[in-house]
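Undergrad: coords below, sequence missing:
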């Protein structure tokens, strides 16, 4: 299943499910059925820790603890700083920790 995480955009063609919030995305990701995820950074939640970057960190923690497999990841956020933070975090994980998995 392909997950698109965004608080304002519509579900684009090629994706199966849309999560508008951090919590909704967590609930979908933890099922283990997500094969690809596309991140937005700003999720419209007033809580500052409920954004795409924090969600990516949570997801990697779940992967490292064996609770889920890392899906293919993309970032579509219009927030350039937030998007770059998500990309760098995911690249850092893949570069430093994913070797030997699978």
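TA: Yep, that arrived. Predicted model only: the values in this text are computed from it and were never measured.
Undergrad: Next up, the contacts around residue 29.
TA: Contacts were defined as C-beta atoms under 8 Å, 6 or more residues apart in numbering; by that measure residue 29 touches 3, 37, 59, 62, 68, 71. Heads up, the C-betas are built off the backbone N, CA and C, glycines and all.
Undergrad: from these, which ones fall inside helices?
TA: Residues of the contacts of residue 29 located in helices (DSSP state H): 59, 62.
Undergrad: what does stretch 1-17 contact?
TA: With C-beta under 8 Å, 6+ apart as the criterion, stretch 1-17 contacts 18-21, 25, 28-29, 33-40, 42-45, 52, 55, 71, 76.
Undergrad: Give me the buried entries from the residues you listed.
TA: Buried members of those, counted by 16 or more other C-beta atoms under 10 Å: 18-20, 25, 28-29, 34, 37-40, 42-43, 52, 55, 71.
Undergrad: mind listing what's buried in stretch 5-17?
TA: Within stretch 5-17, the residues that count as buried by 16+ other C-beta under 10 Å are 5, 6, 7, 15.
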